[in-house]
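>>> sequence and predicted structure, then a few things I'm wondering about:
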Amino acid sequence: NPDCDEGDAKLGLCGVEVPSPADEEMQSAEAKADKELTAREKADDAERAEIMREINSKRLAKAQQLMKKLSETDERINELVHHTLKVAAMAPHTPSGDEG
């Protein structure tokens, strides 16, 4: 290696690249930007999770209301069926206008 003299070789510096200050600044800027982006992404994820919790909570409340209405409707249907069977089981009666 033409850039490596005997002193460098003794110190084990042959093949070691020393980054220039410009490279360090660029890496520092990249690291800073990456950190900011990561922080923003985490904040966005947290916000998204909060919105999904709200949506799911509203969906759950709506589903519970629908289940209540469904149960009430089911109860009414059962009452009507029971009433219909009760009426059907009664002795048939003839209207008074048919006699005679």
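Now that the structure is in, tell me what you want to look at.

>>> let me see the mean pLDDT of the longest helix belonging to the chain.
Criterion DSSP state H: the longest helix present in the chain is helix 21-89. In this model, helix 21-89 carries a mean pLDDT of 93.

>>> make 9 the first number, not 1, from now on.
New numbering, starting at 9: the last item is helix 29-97.

>>> off-centre distance for that helix?
Chain-centre distance of helix 29-97: 6 Å, with C-alpha atoms, centre = their mean, to the nearest Å.

>>> so what does it touch, helix or strand wise?
Applying 3 or more C-beta pairs under 8 Å, 6 or more residues apart in numbering; DSSP states H and E, one finds that helix 29-97 makes contact with no other helix or strand. Heads up, the C-betas are built off the backbone N, CA and C, glycines and all.

>>> next, name the residue at the spatial heart of this structure.
residue 60 (4.9 Å; C-alpha atoms, centre = their mean).

>>> for stretch 48-63, C-alpha coordinates in PDB please.
What follows is stretch 48-63 as a C-alpha-only set of coordinates in PDB (Å, rounded to 0.1, in the frame of the first residue of the first chain):
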ATOM      1  CA  ARG A  48     -42.100  10.900  14.400                       C
ATOM      2  CA  GLU A  49     -43.000   7.300  13.300                       C
ATOM      3  CA  LYS A  50     -43.400   6.300  17.000                       C
ATOM      4  CA  ALA A  51     -45.600   9.300  17.600                       C
ATOM      5  CA  ASP A  52     -47.700   8.500  14.500                       C
ATOM      6  CA  ASP A  53     -48.000   4.900  15.600                       C
ATOM      7  CA  ALA A  54     -49.100   5.900  19.000                       C
ATOM      8  CA  GLU A  55     -51.700   8.300  17.500                       C
ATOM      9  CA  ARG A  56     -52.900   5.700  15.100                       C
ATOM     10  CA  ALA A  57     -53.300   3.200  18.000                       C
ATOM     11  CA  GLU A  58     -55.300   5.800  20.000                       C
ATOM     12  CA  ILE A  59     -57.600   6.400  17.000                       C
ATOM     13  CA  MET A  60     -58.100   2.700  16.500                       C
ATOM     14  CA  ARG A  61     -58.900   2.300  20.200                       C
ATOM     15  CA  GLU A  62     -61.600   5.100  19.900                       C
ATOM     16  CA  ILE A  63     -63.000   3.500  16.700                       C
END
